[in-house]
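Asks: Let's see this in three dimensions:
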Amino acid sequence: MDFLEDLELYNRAMDNAYLVITGKLELNNILVELNDEDLEEFSLPFNPFLHEDISNEEIDEVIEHFSGLEEYEKCAELLKFKKVNV
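Replies: Okay, the predicted model is just below:
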């Protein structure tokens with residue numbers, strides 16, 4: 001992979017993370033609906049199967065990504081999913 005392919009994969013993973021965190025995309029549906037080839041292309045910046053909840057640190061990483069892209073609406077939406085007093 002070259003730099004641009006890596007960057008595209010990273011951006012796609014962050015887009016997927018946003019959709020998963022906000023509940024716009026259900027992981028169970030992904031596993032059922034995607035064929036093997038599409039599933040290989042699906043990536044996330046974290047492993048949602050290691051633990052039940054996505055941590056505040058993982059959400060912060062996604063917020064930082066979208067903040068850098070100046071997509072502040074997504075940042076505001078992601079903030080709503082952070083857990084208080086964890």
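
Asks: ok, the residue positioned nearest the centre of the chain to residue 81 distance?
Replies: For the chain, the residue sitting closest to the mean C-alpha position, by CA atoms, centre = their mean, is residue 17 at 0.9 Å. Computed with CB to CB, to the nearest Å, the distance linking residue 17 and residue 81 is 11 Å. For the C-beta atoms, the positions are set from N, CA and C on the backbone; glycine is no exception.

Asks: What of residue 57?
Replies: Counting by CB to CB, the gap from residue 57 to residue 81 is 13 Å.

Asks: Can you give me the pLDDT of residue 73?
Replies: pLDDT, residue 73: 98.

Asks: same question, residue 80
Replies: At residue 80 the predicted local distance difference test score is 95.

Asks: do residue 48 as well
Replies: 79.

Asks: In stretch 74-86, which residues are buried?
Replies: By neighbour count, with 16 or more other CB atoms under 10 Å as the criterion, the buried positions of stretch 74-86 are 74-75, 77-78.

Asks: could the residues you listed be laid out in JSON lines, adding distance to residue 25 and secondary structure?
Replies: Output for the buried residues of stretch 74-86, formatted as JSON lines (distance: CB to CB, whole Å; DSSP: H, G, I helix; E, B strand; the rest coil):
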{"residue": "74", "distance to residue 25": "14", "secondary structure": "helix"}
{"residue": "75", "distance to residue 25": "18", "secondary structure": "helix"}
{"residue": "77", "distance to residue 25": "14", "secondary structure": "helix"}
{"residue": "78", "distance to residue 25": "14", "secondary structure": "helix"}
